[in-house]
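In: coordinates only, no sequence provided:
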C-alpha cells in the first residue's frame, strides 16, 4: 500500500508560481513512475505530466510544456511539480499518482496509476 500526500497548493495571481510536493509512504518509491493529474470544475481529470522512476524521463501535456517541471527525490520519497507562468486555466485540483513501472518511461493513462493522493487545490486569479 502506498499513501500519497500532496501539499503546496493555494491561490496565486496570473503569471505567478507554485511548487507542489507529493510525499509517498513507501520503501519502494523508486519502483514507481509518478504522474501529476488535474481536474478543473466541470471537467474530466487530465494528465499533466509524469516522471520515470529514475527521473531520467519526463513527459508533459502540451498545455504546460515550458511552464511546468516535474522532479523527484527518491531519497526523500517525494515528487515535485514546479508551476511557473500560471494561467487562470490552470485552476484545478491537482493529484499525484504512482505507477508501478521500472522502465524509464512515463504512461499517460489513468488506469496505470494504482495509487492516488487526495489532491490539492490550485487557484489562479486573473
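Out: Happy to help now that I have it. Computed from a prediction, not measured in an experiment: that's the story for all the values here.
In: tell me which stretches of this structure form strands.
Out: 4-7, 10-13, 18-24, 32-39, 46-51, 58-60, 68-73, 78-83, 92-100, 115-116, 120-125 (DSSP state E).
In: need the residues that contact the third one.
Out: Spelled out, it's strand 18-24. Strand 18-24 is touched from outside by 2-10, 12, 32, 34, 36, 76-83, 86, 94, 96, 98, 117, 120, 122, with contacts defined as CB atoms under 8 Å, 6 or more residues apart in numbering. Where C-beta positions appear, they are placed from N, C-alpha and C, glycine not excepted.
In: and what of the last one?
Out: Contact partners of strand 120-125, identified using CB under 8 Å, 6+ apart, comprise 6-14, 16, 18, 20, 38, 83, 86-94.
In: narrow those to those that are buried.
Out: With burial judged by 16 or more other CB atoms under 10 Å, the buried subset of the contacts of strand 120-125 is 6, 8-9, 12, 18, 20, 38, 83, 86, 90-94.
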